[in-house]
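Enquirer: No letters, just coordinates:
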């Protein structure tokens, strides 16, 4: 079972309800919920949630680690085996498109980048800045650079180091998919789809709740985090850090964090619409009754 959806769409609650109903194990497919330091900011399931049904691949990675989709593929394979060994239904849930691609389509076997080249990429990024490194990548590997935002240091760095170490564009490697984690299994695949205005409001309300629960303290723990690390992209982290430093006032920090999250959700939905056309899309009323809906269509 796979459940995808944009941030704040209610997919984690749907997965938990289904897991309780059918005896399932909830397995994370969200790239930010792997980090142990940010349960609140990443909207990771609470201890009460994890007591109701087994959850795997949540909070098992330190924010200072350079966790990748390749490592996720290895971890997801182990989690799948664990759930099946316990005769539980594996329920993969999240909002990271590349994680779902690893599960259903497979990943390319990109060679490991040598340490000296990785260090050269870091120095180059610090010297040129992300926009400058993107411009250099555009000159050397326009095929990959054209698909990357010049403001995304982690992906620009990754594309630069892969081209530097292999002499091939990252996108050309990505077209050579390997064996999917879920190869050979019969899959039920769902995308939770909410009306745009409803999703925008849910994002605002959830961020305010995060602040009440201690999101500022979580952000403080990660102050000074290397901006090229994947964990540095945790939604709201940059704005809360700026608030703590006195660079933003409370109102501006909240507004900018909510806006950034809404923009991210829009990009998620766009990715899903382009890449998950053969999945079952559930509208808001169906999402609210997810267990009943799934039971009906699978019966």
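Expert: Here it is on my side, so go on. The model shown is predicted, which means the values in this text are computed figures rather than measured ones. Numbers count the residues shown, from 1 in each chain.
Enquirer: CA atoms for contacts and neighbours, from now on please.
Expert: Noted.
Enquirer: Relative to the whole chain's centre, how far out is stretch 84-102?
Expert: From the chain centre to the centre of stretch 84-102 is a distance of 13 Å (CA atoms, centre = their mean, to the nearest Å).
Enquirer: Which pLDDT value does the model give the closest residue to residue 152 other than its chain neighbours?
Expert: In space, and not counting its chain neighbours, residue 152 is closest to residue 130: 7.0 Å by CA to CA, 6 or more residues apart in numbering. pLDDT recorded at residue 130 is 90.
Enquirer: Quick check: the gap between residue 130 and residue 175.
Expert: 25 Å (CA to CA, to the nearest Å).
Enquirer: And these two? Which one has more around it.
Expert: Taking neighbours as other CA atoms under 10 Å, residue 130 and residue 175 compare with residue 130 leading, 22 against 11.
Enquirer: three-state assignment of that one?
Expert: helix (DSSP: H, G, I helix; E, B strand; the rest coil).
Enquirer: quick one: it and residue 155, what's the gap?
Expert: From residue 130 across to residue 155, the span is 10 Å (CA to CA).
Enquirer: What is the burial count for residue 14?
Expert: 18.
Enquirer: so residue 144 touches residue 158, yeah?
Expert: No - look at residue 144 against residue 158 with CA atoms under 8 Å: they stay out of range, at 10.5 Å.
Enquirer: Could you check which of those two has the larger neighbour count?
Expert: residue 144 (20 against 16).
Enquirer: Doesn't the more buried one lie inside a helix?
Expert: Yes - under three-state DSSP, residue 144 sits within a helix.
Enquirer: Against residue 265, how distant is it?
Expert: For residue 144, the distance to residue 265 - CA to CA - is 23 Å.
Enquirer: Residue 131 too?
Expert: According to CA to CA, residue 131 and residue 265 sit 23 Å apart.
Enquirer: who's more crowded, those two?
Expert: Just comparing residue 131 and residue 265: by other CA under 10 Å the higher neighbour count belongs to residue 265, 22 against 16.
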